[in-house]
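# quick one, fold the following:
(one chain, ligands or ions: 1)
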Amino acid sequence: MGGGWCGERGVVERADVVIVGAGAAGLSLAHRLDRALSGRSVAVVETPETALRPPERTWCFWEAAAGEWDAAVSHRWHALAAVGPDGTVWRSRIHPLVYKMVRSRDFEALVRGGLRRTRTLWGTVTEVVDGPDRAVVRLRGADGAESELAAGLVFDSRPPALPPADGVTLLQHFRGWFVRTDRPRFDSSAAVLMDLRVPQPERGVAFGYVLPFDARTALVEYTEFTREVLDDAGYDAALRDYTGRLRLGVFTRTGTEQGVIPMTSAQLPGRVGRRVFRIGTAGGATRPATGYTFSGVQRQTRQIAAALAAGRLPVRFPAHRRRHLFLDAVLLRGLDEGLVDGAEFFAALFRSTPLPRLLRFLDGETTPLEELAIGVRTPVAAMTAALWSQVRAGRRGRRGDTQS
Ligand SMILES: Cc1cc2nc3c(=O)[nH]c(=O)nc-3n(C[C@H](O)[C@H](O)[C@H](O)COP(=O)(O)OP(=O)(O)OC[C@H]3O[C@@H](n4cnc5c(N)ncnc54)[C@H](O)[C@@H]3O)c2cc1C
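Next up is the predicted model:
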C-alpha cells in the first residue's frame, strides 16, 4: 500500500471523508470518490494488524458482459450449473450475464493503482465518535501510539464484533481447496453454484461449490448455511467426502480458502449518526439469503458517490430492495427453525426457474410478478409456515418481547 502514515499521540489530522477499512467496500468507495470529488480530501484508514486483516479471497459476481472491474477479473463463466440432492443437473447458459471471479489482491492492486488524490493511512481504528460539526476517528498505530483524525464524514466498513441481536442470523461458512487433478476431471465451461448431493445438516443447508479454471484445476468448496462453524477436521472431512463424490481421482491441493459470511435478517442501517455511515457487510450489503456481497457493495458505493458529488448527504443507499430483504428473512427463519428443507427448497428453485432469471432476482432486478412466479414454485406449505413465523416474530419485536 502506498502513502504510509504514523501518528503521534494527540496529533489531529483532517480529511473531508474518511473511509475505515480497505476491503471490498472501502476500496470500491475510494475508487469512486477519487473520481467524483475534486477539491475534497479523502483518506482510507486500514489496520496494520494482521489478525484483523482478512486473508486473500476470491469474489464472484455476475453482470452483463463488460464491467468496470474487468481488468481485475481472472476468470469468467458463461454457463452455470446446480445439482439436486438426487444428482439431477440443471445447467444453463446465462447470457447476457457473465459469472466473474476477482481475486482480492488483483482488485486491491487495480484500485490502488488508480487512486490519484486519496491518501492511505495505516492505523487500527478503535473508535468513531459522531459530532455535530465533525466526527473523530481514534486510531492506534503499528507502534501502539494513539492519535485522532477529524473527519467531515466517516464511512466505516469494520466488521461488527457481534452478530445483531434482532432477527435471525445464520452463518455461511465454508472451506475450499484449490486442486489440480492428474487427469481432466472438470467441465471448465460452467461453474457449479450449488451441489446439493452432500449430507444435509438437521437445520439449514449444505452444498458443494465448484469454480473450474480448466479441465484439471478448480476451487472446490464445501459450504453450510447453519448457526455454527465447523472445526478444521469437520471441513476437511466434508471436503474429502465431496471431492470423492466428484470422482476427482488423484489430486494435489495447491491452496485453501476459508470464510464466514453472516447472513442476517436484522436491519443494518447505512446511516448510524449525523456524520457516520456504515458500508459493506457492516452496512447491509450482504444479500441475506445467499451471502453474495460484492454486487451489493457496488450498488451502495455508487449511490454514495453520486450523492456526495451532487453535494447531498447519502441518507439512504440500500444495497437490496425491502421486499427482497423480507423474502430472505422468511427463508432464513424457515431454515433456522427447521420449517424449510434447505436442499429441497434450493432444488425446487433451480428446477423451476431459469438461472438468468434467478440471478436477476438475486440482484433485485425482477418484477413482483416474476417473483410471484418464482415463489409459487418453491415448497409453498413450508414457506407459508416460515412466513407466519416471521410475521409473528416481527410483531413480538415491535412489542419489545424477546425474539426467538
Ligand atoms: C473467503 C470469502 C469469500 C467470499 N466470496 C464472495 C464471493 O464470491 N462473492 C461475494 O459477493 N461475496 C463474497 N464474500 C463476501 C464479501 O464479499 C466479502 O466478505 C467482502 O470482503 C466484504 O467486503 P467489506 O468491505 O464489507 O469487508 P472486508 O472486505 O472484510 O473489509 C473490511 C476491512 O476493514 C479492515 N479493518 C478491520 N478492522 C479494522 C480496524 N479496526 N481499523 C481499520 N481497518 C480495519 C480490514 O482489514 C478490511 O480490509 C466472501 C467472503 C469471504 C470471507
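# from the stretch 201-350 of the chain, which residue is nearest to the ligand?
Closest contact between the stretch 201-350 of the chain and the ligand, by C-beta to the nearest ligand atom, is at residue 280 (2.2 Å). (C-beta placed from N, C-alpha, C; glycine too.)
# what's the closest non-adjacent residue to that residue?
Distance criterion C-beta to C-beta, 6 or more residues apart in numbering; nearest residue to residue 280, sequence neighbours excluded, is residue 25 at 2.8 Å.
# which residues of this structure lie near the ligand?
20-26, 45-47, 52-54, 57-61, 124-125, 157-159, 257, 259, 261, 280-282, 291-294, 297 (C-beta under 6 Å from any ligand atom).
# give the contact list for the residue nearest to residue 280.
By C-beta atoms under 8 Å, 6 or more residues apart in numbering, residue 25 lies in contact with 157, 279-283, 285, 297, 300-301.
# secondary structure class for it?
helix (DSSP: H, G, I helix; E, B strand; the rest coil).
# ok, now how distant is the one residue in the stretch 1-150 of the chain that gets nearest to the ligand from residue 46?
Going by C-beta to the nearest ligand atom, the ligand is nearest to residue 23 of the stretch 1-150 of the chain, at 1.8 Å. Counting by C-beta to C-beta, to the nearest Å, the gap from residue 23 to residue 46 is 9 Å.
# swap in residue 356?
37 Å.
# ok, residue 216 next?
For residue 216 relative to residue 46 (C-beta to C-beta), the value is 37 Å.
# what are the ranges of the helices in the stretch 151-300 of the chain?
Counting by DSSP state H, counting those that start in this stretch, the stretch 151-300 of the chain has these helices, from start to end: 232-245, 294-309.
# make a markdown table out of the ones you listed and add mean neighbour count.
A markdown table is the format used below for those (neighbours: other C-beta atoms under 10 Å):
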| stretch | mean neighbour count |
| --- | --- |
| helix 232-245 | 16 |
| helix 294-309 | 21 |
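# next, format those helices as TSV and append mean pLDDT.
Formatted as TSV, the helices of the stretch 151-300 of the chain follow (pLDDT from 0 to 100):
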stretch	mean pLDDT
helix 232-245	98
helix 294-309	97
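# I'd like those as JSON lines, with distance to residue 104 appended.
As requested, those are arranged in JSON lines below (distance: least, C-beta to C-beta, whole Å):
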{"stretch": "helix 232-245", "distance to residue 104": "20"}
{"stretch": "helix 294-309", "distance to residue 104": "10"}
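# list the buried residues for the helix or strand bottoming out on mean pLDDT in the chain?
Ranking every helix and strand in the chain by mean pLDDT, DSSP states H and E puts helix 380-399 at the bottom, with a mean of 85. Neighbour-count burial for helix 380-399 flags 382-383, 385-387, 389-390, 393-394 (criterion: 16 or more other C-beta atoms under 10 Å).
# for that helix, what is the distance to the chain centroid?
25 Å (C-alpha atoms, centre = their mean, to the nearest Å).
# which residues touch that helix?
Against helix 380-399 from outside (C-beta under 8 Å, 6+ apart): 166, 265, 326, 329-331, 333-334, 337, 339-341, 345, 375, 402-404.
# try 6 Å this time
With contacts defined as C-beta atoms under 6 Å, 6 or more residues apart in numbering, helix 380-399 is touched by 329-330, 333-334, 339-340, 403.
# give me the neighbour count for residue 183.
Using other C-beta atoms under 10 Å, residue 183 is surrounded by 10 other residues.
# per-residue pLDDT, it?
You'll see residue 183 listed with a pLDDT of 96.
# can you check residue 124 too?
For residue 124, the predicted pLDDT is 97.
# contacts only, for it.
47, 49, 140.
# what's the distance between the residue nearest to residue 280 and residue 158?
Counting by C-beta to C-beta - residue 25 and residue 158 are separated by 10 Å.
# pretty sure residue 326 is in a helix, no?
Yes: counting by three-state DSSP, residue 326 is part of a helix.
# for the residue nearest the centre of the chain, which non-adjacent residue is closest in space?
By C-alpha atoms, centre = their mean, the chain has its centre lying nearest to residue 293, at 2.6 Å. The shortest distance from residue 293 to any non-neighbouring residue, by C-beta to C-beta, 6+ apart, is to residue 286 (4.4 Å).
# ramachandran angles for that neighbour?
Main-chain torsions, residue 286, degrees, to the nearest 10: phi -80, psi 130.
# start and end of stretch 305-321, how far apart?
By C-alpha to C-alpha, to the nearest Å, the extent of stretch 305-321 from end to end equals 19 Å.
# more neighbours: residue 216 and residue 46, which one.
Comparing residue 216 with residue 46 by other C-beta under 10 Å, the one with more neighbours is residue 46, at 21 against 18.
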